[in-house]
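[1] how does the following fold in three dimensions:
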Amino acid sequence: MTVDEMILEALLLGVGATLVLDLWGLVLRKGFNIPSLDMRMVGRWLGGFTRGQFYHVHIGKAAPFPFEGVIGWGAHFLIGCLFAATFLMVVGRDWLQGASFLPALLYGMGTVVFPFFLMQPAFGFGFAASKTPSPHTVRLKSISSHCVFGVGLYLIGVIISGVGISF
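    Got it, this is the predicted structure:
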């Protein structure tokens, strides 16, 4: 197994799981009028790094950053791929030969620590969205989204193993 092959597996798994997450967000938005995280805010946050700004009082009121949408969506998929690569390091590459649900779901749930303790505070929303008007709602959306990412890891793992993709 070469490094290139491992990277390709993580990319397939990460992009696929992220697409499952985005499909879930689309269903929530179109079917139930529940908005998802605006990826422009992710791009705005990351763009602020070039200005030495890592924390915002309220990211929505911060000055827009050029190409923040592109940056945000790119980061969204890159993060999904990094999560997938880390998942494969934790469970081992053999998981792709017979994907099992529970490890993927638990891992997906565990990734919620990143929005709770990094992104939400940096956006000005407080730890685990404590400074938002409806913290419990935001927390539930974060947890459910990260669970869906875990489900996406499982579904894409099943597809990879079922198609017999091996590197």
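
[2] ok, the residue nearest to Ala99 when sequence neighbours are not counted - contacts?
    Leaving out its chain neighbours, the residue that sits closest to Ala99 by C-beta to C-beta, 6 or more residues apart in numbering is Gly157, at 3.0 Å. Quick note: C-beta positions are derived from backbone N, CA and C, even for glycine. Applying C-beta atoms under 8 Å, 6 or more residues apart in numbering, we find Gly157 in contact with Leu13, Trp95, Leu96, Ala99, Ala104.

[3] which one of these sits closest to Gly126?
    Checking the contacts of Gly157 against Gly126 with C-beta to C-beta, the nearest one is Ala104 at 29.3 Å.

[4] give me the distance between the closest one and Leu28.
    21 Å (C-beta to C-beta, to the nearest Å).

[5] just Gly92 next, same as before
    33 Å.

[6] looking at the two, which is more packed in?
    Neighbour count, other C-beta atoms under 10 Å: between Gly92 and Leu28, Leu28 has more, with 17 against 11.

[7] so what's the more buried one up against?
    Counting by C-beta under 8 Å, 6+ apart, Leu28 has contacts Ile34, Pro35, Ser36.
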